[in-house]
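Trainee: need coordinates for the following:
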Amino acid sequence: MSKENYRRLGDYIREVDVRNRDLEVKELLGVSISKEFIPSIANTIGTDMSSYKIVKFRQFVYIEDTSRRGDKIAIALLQDFKEAIVSSIYTVFEVKNQDELLPEYLMMWFRRPEFDRYARFKSHGSAREIFSWEEMCDVFLPIPSIEQQRKIVAEYETISRRIRLNKQIITRLEETAQTLYRKMFVDEIDKENLPEGWRMGTLEEIADFKNGKAIKTNNGIIPIYGGNGIVGYTESFNAKNVIIIGRVGINCGNAFLEPNKCWVNDNAMMAMSKSNNIYFLYWLIRGMDLNSQSEGSGQPLLTQVILNQQECLIPSHIAIKRFDDQAKILVRNIFLMQREIIKSTELQSLLLAKMGQ
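Mentor: Numbers count the residues shown, from 1 in each chain. As a prediction, the model looks like this:
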């Protein structure tokens, strides 16, 4: 798009400052760096909520402070609620004329990584850096005709709906697998009177554990797993058909299943099933509160010794295989949905990139 079509944002938006004086609005929200509204985790007991700002449907909220959010600026468009309240330190604003600029089109611009870089570059301050309202108003962006905006937004929203649907399907598939596991190995199972061929044992009897190794990311397609999931990609692999377990940090004990090739880094461990029944082992580990078993006061840590000693139910080989055969089908569909999400997210990124051309 020609730079001649770029317009100053301040000519299209205005700040809104409506307080919750009558305390009628109860829904308290925060704003994340993923540019979404999230339920607030603030302790509001004894707090005067009348000073909180009201944000209405299709209005924006952003946090001026950018110094503690990496390279992201927290900003979101309210779309899932008629109205809500946010902290009084947040800035609420709206589009003056939605026949000239669609809020959804503007939100797409805010989602561009180029906007995050611009906001960080323009942030200033000594104790903390802020991207001020004045700087927000001085943003220049392309504003095509309202018809073209609607077309761009519709294309983006079609992909967004597909992503949301796939995430819902993944959730249902995971719940189905969890329900199946509980029905077979948890509910109505009496540890004192186990079925024939079942026994109590330890993880060491059914799993092998190995620490991961550090590696640098590159342009490969093989996922690198850390303690909190995928942290990048590489061309090499050090594991396949494994469970990744967070080894260090506040979230140690997190478990991720990866049937394909992957690299497990030094913030995690890998678990391999001795009988090649990876799905049973995965849901077994997920049901353990491994985080509470960690050692260390300053930095929680899980070790192979701790994992090996965990008591667990060891069903018969026939029961385990029956579960694995059913869970494998569910997991295969989960991974298909995840690949669809990756492709759709890449399409969204391409659409956002084209807005500045």
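
Trainee: okay, buried residues for stretch 93-101 please.
Mentor: 93, 94, 95, 98, 101 (16 or more other Cβ atoms under 10 Å). C-betas here are computed from N, CA, C, even on glycine.

Trainee: which regions of the stretch 51-200 of the chain sit below the pLDDT cut-off?
Mentor: Residues of the stretch 51-200 of the chain that meet the criterion pLDDT under 70 lie in 69-70, 126.

Trainee: one more time with 80, if that's ok
Mentor: By pLDDT under 80, the low-scoring segments of the stretch 51-200 of the chain are 67-71, 126-127.

Trainee: in it, which spans are strands?
Mentor: 53-56, 60-62, 75-77, 83-86, 91-95, 140-142, 199-202 (DSSP state E, counting those that start in this stretch).

Trainee: any chance you could list what contacts the first one?
Mentor: Residues outside strand 53-56 that contact it (Cβ atoms under 8 Å, 6 or more residues apart in numbering) are 16-20, 25, 29, 61, 78, 82-88, 90, 92, 94.

Trainee: same thing but 10 Å
Mentor: Applying Cβ atoms under 10 Å, 6 or more residues apart in numbering, the external contacts of strand 53-56 come out as 16-21, 24-25, 27, 29, 31, 37, 59, 61, 76-78, 81-94.

Trainee: distance of the nearest residue to residue 170 once chain neighbours are set aside relative to residue 224?
Mentor: Of all residues not flanking residue 170 in the chain, residue 337 sits nearest, at 4.9 Å (Cβ to Cβ, 6 or more residues apart in numbering). With the distance defined as Cβ to Cβ, to the nearest Å, residue 337 ends up 21 Å from residue 224.

Trainee: these two: which has the busier surroundings?
Mentor: Just comparing residue 337 and residue 224: by other Cβ atoms under 10 Å the higher neighbour count belongs to residue 224, 25 against 19.

Trainee: list the buried residues of the host helix or strand of the more buried one.
Mentor: For residue 224, the host element (DSSP states H and E) is strand 222-226. Residues 222, 223, 224, 225, 226 are the ones in strand 222-226 that count as buried (16+ other Cβ under 10 Å).

Trainee: can I get that strand in CSV, CA atoms only?
Mentor: Provided in CSV are the C-alpha atoms of strand 222-226 (Å, rounded to 0.1, in the frame of the first residue of the first chain):
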residue,chain,number,x,y,z
ILE,A,222,12.0,-30.1,14.5
PRO,A,223,10.5,-28.7,17.8
ILE,A,224,12.7,-27.9,20.7
TYR,A,225,11.0,-28.6,24.0
GLY,A,226,11.8,-26.8,27.3
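
Trainee: any idea which helix or strand comes after it?
Mentor: In the C-terminal direction from strand 222-226 (assignment by DSSP H and E), the next one is strand 229-234.

Trainee: the inter-axis angle of the helix or strand following that next one versus strand 222-226?
Mentor: Once strand 229-234 ends, the next helix or strand along the chain (criterion: DSSP H and E) is strand 239-246. When axes from the mean of the first three to the mean of the last three Cα atoms, to 10 degrees is applied, the directions of strand 239-246 and strand 222-226 differ by 30 degrees.

Trainee: looking at the strands of the stretch 51-200 of the chain, which is closest to residue 264?
Mentor: Smallest distance to residue 264 across the strands of the stretch 51-200 of the chain (Cβ to Cβ): 22.2 Å, for strand 199-202.

Trainee: strand partners (parallel or antiparallel) of the closest one?
Mentor: Strand 199-202 has its sheet partners listed here by DSSP bridges as strand 311-314 (antiparallel).

Trainee: and whichever helix or strand comes after the strand it pairs with, what does it pack against?
Mentor: Toward the C-terminus, strand 311-314 is succeeded by helix 317-354 as the next helix or strand (DSSP H and E). Packed against helix 317-354 by the contact rule (3 or more Cβ pairs under 10 Å, 6 or more residues apart in numbering; DSSP states H and E) you find helix 103-110, helix 113-122, helix 146-185, strand 255-264, helix 278-286.

Trainee: which of the buried residues of strand 222-226 sit farthest apart?
Mentor: For the buried residues of strand 222-226, and using Cβ to Cβ, no pair is farther apart than 222 and 226, which are 14.0 Å apart.

Trainee: so what's the residue nearest to residue 170 up against?
Mentor: 163, 165, 166, 167, 168, 169, 170, 171, 173.

Trainee: any idea how far the fourth one is from residue 333?
Mentor: In other words, residue 167. Plainly put, residue 167 is 13 Å away from residue 333 if you go by Cβ to Cβ.

Trainee: just the fifth one next, same as before
Mentor: According to Cβ to Cβ, residue 168 and residue 333 sit 13 Å apart.

Trainee: more neighbours, the two?
Mentor: residue 333 (15 against 11).

Trainee: wait, what's in contact with that one?
Mentor: Counted by Cβ under 10 Å, 6+ apart, residue 333 has contacts 169, 170, 172, 173, 176.

Trainee: the same query, at a cut-off of 7 Å, please.
Mentor: residue 173 (Cβ atoms under 7 Å, 6 or more residues apart in numbering).
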